[in-house]
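A.B. asks: One predicted model, sequence on top.
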Amino acid sequence: MKNFQNYSKYYDILYKDKNYPDEVRFIQKVLKRFSKKKVASIISLGCGSGNHEVLLAKKGYRILGIDRSETMLSAFQKKIDAQRLGKRIELARVDVGKFKTPRRFDCAISMFNVVGYQTENKQFENMLKNVNRSLNVGGLLMFDCWHGSAVLKDRPTDRIKEMVIGDRHIVRLTSSKLDFEKNIIEISFKVMDIVNSEIKDIVKEVHPIRFWSIPELGYFLEKAGFELVNVSNFLEVKSKIADDKWDIFVVARKFK
């Protein structure tokens, strides 16, 4: 089953409580700390419905958003049109392992664990190869992902998330299964859209997501022409990685 098809309809609702402004401020803090030159242009890999990118565009960056989901890009385009950001944001519907850009960018970002969806080595290698081609020498690649040792220490559990909007009740059931051999968590989502106690829609999707070790990430980055610059807990740029926090943030620099 392909990811982010019908599930995309509920994406912005389910993540309405995600603190995108704080995450964008964190991105800017990382750029200020590690970029050797002023960053004016950003390519966003797996941009989804564009919540980070809209905020970055409003701060003056030029953005190219790449995603393979038509429904996600359609939601993103509506935000671009509504906020008149067409001169600052371009969109391309393509897989992160297959894109080509006519120009080079100062920075690449890949937020909300897009890297985890590169479950095969070749997928990740292709993504990094294409990012390298799209960046100026010295440009930064930044992404969040799941740290393997934390995942194995604090195993995934079944969860329920509920959002109430007037007479509408959105319920998401999440169950997870670990694949130790492939370093993958197979996450099953079931979303129910309930209006006045009547189920109007049910969506089911399975998302395999990979978790990583730091040496593994360093190997693939160096192979693709990047040096590993910094790894921290997500939103804590100066922190040492904790073994009880899944989310880490990786900064790499293109050296060739």
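C.D. replies: Arrived safely. Everything numeric in this text was worked out from a predicted model, so none of it was measured.

A.B. asks: all contacts plus neighbour counts: C-alpha atoms, from now on.
C.D. replies: Noted.

A.B. asks: all helices of the stretch 1-150 of the chain, in order?
C.D. replies: 11-14, 20-34, 51-58, 70-82, 121-134, 148-153 (DSSP state H, counting those that start in this stretch).

A.B. asks: export those to a markdown table and tack on distance to Ala242, mean neighbour count and mean pLDDT?
C.D. replies: Putting those into a markdown table (distance: least, Cα to Cα, whole Å; neighbours: other Cα atoms under 10 Å; pLDDT from 0 to 100) gives the following:
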| stretch | distance to Ala242 | mean neighbour count | mean pLDDT |
| --- | --- | --- | --- |
| helix 11-14 | 27 | 16 | 96 |
| helix 20-34 | 18 | 15 | 98 |
| helix 51-58 | 25 | 19 | 98 |
| helix 70-82 | 33 | 17 | 97 |
| helix 121-134 | 24 | 19 | 98 |
| helix 148-153 | 8 | 18 | 96 |
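
A.B. asks: Can I get the ones you listed in JSON lines including distance to Gln5?
C.D. replies: JSON lines is the format used below for those (distance: least, Cα to Cα, whole Å):
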{"stretch": "helix 11-14", "distance to Gln5": "10"}
{"stretch": "helix 20-34", "distance to Gln5": "22"}
{"stretch": "helix 51-58", "distance to Gln5": "18"}
{"stretch": "helix 70-82", "distance to Gln5": "7"}
{"stretch": "helix 121-134", "distance to Gln5": "20"}
{"stretch": "helix 148-153", "distance to Gln5": "27"}
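
A.B. asks: Which parts of the chain belong to which domain?
C.D. replies: 6-147+211-254, 150-209 (automatic domain parsing).

A.B. asks: Start and end of the last one, how far apart?
C.D. replies: In this case it means domain 150-209. Taking Cα to Cα, to the nearest Å, domain 150-209 runs 15 Å from one end to the other.

A.B. asks: I'd like the distance from that domain to the chain centre, please.
C.D. replies: 18 Å (Cα atoms, centre = their mean, to the nearest Å).

A.B. asks: now the longest one
C.D. replies: Here domain 6-147+211-254 shows a centroid-to-chain-centroid distance of 6 Å under the convention Cα atoms, centre = their mean.

A.B. asks: Out of the domains of the chain, which is the most enclosed?
C.D. replies: domain 6-147+211-254 (a mean of 18; mean count of other Cα atoms under 10 Å).
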